[in-house]
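Enquirer: the amino acid sequence is not available; the structure is as follows:
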DNA sequence: GTCTATACGGCGATAGAC
DNA sequence: GTCTATCGCCGTATAGAC
């Protein structure tokens, strides 16, 4: 029966992707080696090449996993009834992650930027998590009120969240994320139909 | 007379820093090698070590040069009479750089983030350009009106500018910076005392 | 000060036994 | 599928002639 063998393979592949995602977040893609990933995932170096033919394949897999993480978060937020609650939930998610993000930056933003920089071969893949996030936000803003500004509002929110993660990491101050979260929520309320 | 020799040394050192700054922006710090920098600056590989004992020294020099660039920009903006004009000038500066930034990100943000990530030994150095920019913005907002929100406003502006550079690079769309610039200017006007 | 040449280590990738 | 061993390249850093 191949089923168990296949399942074990899939589990190990996932373990490699998870280990790589963690290391890419903490150190960046460039300084992370296959040996790092292998040892973190407790798999022999040579075996990594059974799952990923080259580093780019691993990077693409991690980026897609990050996209999946974003989609899972947004699906959770879709449980909230009102668009404003959903958008506030997104801000809250950023604030909850403030301690890690102030150390290593946003795991999605830092990865996608490093991968997309200078239009590398993986530029399209790296854009996807941002497209998912941006269009979800745009949809929420469209439901928030009859303004024609949904697209700029979505861009403003995503930019602010990404920017504050970067700023907090550079300045080593997690509470900047809390503070910016409050500013963004006040802004959201100011957009509500009175 | 050592004067000319010294001057030539200083010039070559500057050529190395400029070359490194350019390469750090286009490729990031990690993938940039001394050989890259040497060839871009048209200086032999071995000579680079006369000016910089290790890569970290070069990275620190480039980061300080970026801080100098920020200070020069802010000094130019200080020529404007009104605080709102000065803040709008900052936004305009970002918009002017949109084509390069949408390819490689903000040269200051991407560098400082990569250097500060995970609290490396250069974390303090990398924070300085951001501190300069942030406190300048805070001063402008304080002059803009008697609001007690100067610090959060400065954080919001810097975050938005950094975030939109990153987003534009990931999504390969320079016009996002133009659009966010308009949103930010509208926001500035809304803060004015009526 | 500036160069060429090179030592040394590490990383991506492969070979091949089990 | 998983491992160990290893090749070849490239990057940091140094040595030493000029």
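Expert: Thanks, I have the structure now. Note that the structure is predicted; figures quoted are calculated from it, not measured.

Enquirer: going by C-alpha atoms from here, please, whenever you check contacts or count neighbours.
Expert: Noted.

Enquirer: now check stretch A:183-194, is it near chain B?
Expert: Yes: judged by C-alpha under 8 Å from any C-alpha of the partner chain, stretch A:183-194 and chain B are in contact via residue A:183.

Enquirer: what residues does that stretch touch?
Expert: The contact list for stretch A:183-194 (C-alpha atoms under 8 Å, 6 or more residues apart in numbering or on different chains) reads A:84, A:88, A:91, A:144, A:145, A:157, B:152, B:156.

Enquirer: quick one: contacts for the second one?
Expert: For residue A:88, the contacting residues are residue A:185, by C-alpha under 8 Å, 6+ apart.

Enquirer: wait, what's in contact with whatever residue of chain A ends up closest to chain B?
Expert: Residue nearest to chain B within chain A: residue A:163 (3.6 Å; C-alpha to the nearest C-alpha). Shown in contact with residue A:163 (C-alpha under 8 Å, 6+ apart): B:158, B:159, B:160, B:161, B:162, B:163, B:164, B:166.

Enquirer: next: residue A:66.
Expert: Counted by C-alpha under 8 Å, 6+ apart, residue A:66 has contacts A:108, A:129.

Enquirer: next helix or strand past the helix or strand harbouring it?
Expert: Assessed by DSSP states H and E, residue A:66 sits inside helix A:55-77. The helix or strand immediately downstream of helix A:55-77 is helix A:83-96, counting by DSSP H and E.

Enquirer: quick one: distance of that next one to the chain centre.
Expert: Relative to the centre of its chain, helix A:83-96 is centred 14 Å away, using C-alpha atoms, centre = their mean, to the nearest Å.

Enquirer: check stretch A:23-31 too.
Expert: Worked out by C-alpha atoms, centre = their mean, stretch A:23-31 lies 14 Å from the chain centre.

Enquirer: give me the mean pLDDT for that stretch.
Expert: Stretch A:23-31 shows a mean pLDDT of 98.

Enquirer: sorry, back to before: mark which of the contacts of residue A:163 are buried, thanks.
Expert: Among the contacts of residue A:163, those classed as buried by neighbour count (16 or more other C-alpha atoms under 10 Å in any protein chain shown) are B:158, B:159, B:160, B:161, B:162, B:163, B:164, B:166.

Enquirer: angle of the helix or strand encompassing the first one against helix A:150-171?
Expert: Element membership of residue B:158 [criterion: DSSP H and E] is helix B:150-171. Using axes from the mean of the first three to the mean of the last three C-alpha atoms, to 10 degrees, the interaxial angle of helix B:150-171 with respect to helix A:150-171 works out to 110 degrees.

Enquirer: now the end-to-end length of stretch A:113-120.
Expert: 10 Å (C-alpha to C-alpha, to the nearest Å).

Enquirer: list the buried residues in that stretch.
Expert: Buried, per 16+ other C-alpha under 10 Å, within stretch A:113-120: A:113, A:114, A:115, A:116, A:117, A:118, A:119.

Enquirer: so what touches the helix or strand hosting residue A:103?
Expert: When elements are assigned from DSSP H and E, residue A:103 belongs to helix A:98-104. Contacts to helix A:98-104, defined as C-alpha under 8 Å, 6+ apart, come from residues A:25-27, A:107, A:165-166, A:168-170, A:172-175, A:177-178, B:117-119.

Enquirer: got the residues of chain A near DNA strand D?
Expert: Proximity of chain A to DNA strand D (C-alpha under 7 Å from any atom of the strand) is limited to residues A:5, A:6, A:8, A:9, A:12, A:43, A:44, A:45, A:46, A:47, A:50.

Enquirer: the worst-scoring helix or strand of chain A on mean pLDDT to helix A:55-77, inter-axis angle?
Expert: Least confident helix or strand, chain A: helix A:2-27 with a mean of 90, by mean pLDDT, DSSP states H and E. Orientation check (the same axes, to 10 degrees): helix A:2-27 against helix A:55-77 gives 90 degrees.

Enquirer: quick check: closest non-adjacent residue to residue A:179.
Expert: The shortest distance from residue A:179 to any non-neighbouring residue, by C-alpha to C-alpha, 6 or more residues apart in numbering or on different chains, is to residue B:152 (6.8 Å).

Enquirer: contacts only, for that neighbour.
Expert: Residue B:152 is in contact with A:179, A:180, A:183, counting by C-alpha under 8 Å, 6+ apart.

Enquirer: how about TSV for the residues you listed, with neighbour count and distance to residue A:137 added?
Expert: TSV is the format used below for these (neighbours: other C-alpha atoms under 10 Å in any protein chain shown; distance: C-alpha to C-alpha, whole Å):
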residue	neighbour count	distance to residue A:137
A:179	16	21
A:180	23	18
A:183	16	17
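
Enquirer: out of those residues, who's nearest DNA strand D?
Expert: Closest to DNA strand D out of the contacts of residue B:152 is residue A:180 (36.6 Å), distances taken as C-alpha to the nearest atom of the strand.

Enquirer: tell me which residues of the host helix or strand of that closest one come out buried.
Expert: Using DSSP H and E, residue A:180 falls within helix A:175-191. Residues of helix A:175-191 classed as buried: A:176, A:177, A:178, A:179, A:180, A:181, A:182, A:183, A:184, A:188 (neighbour count, 16+ other C-alpha under 10 Å).

Enquirer: quick check: the second one touching residue A:95?
Expert: Yes: judged on C-alpha atoms under 8 Å, residue A:177 makes contact with residue A:95 at a distance of 5.9 Å.

Enquirer: hmm, back to that, the contacts of stretch A:183-194: which two are farthest apart?
Expert: Using C-alpha to C-alpha, the two most remote members of the contacts of stretch A:183-194 are A:145 and B:152, lying 26.3 Å apart.

Enquirer: list the buried residues of stretch A:126-143.
Expert: By 16+ other C-alpha under 10 Å, the buried positions in stretch A:126-143 come out as A:126-130, A:133-134, A:136-138, A:140-142.
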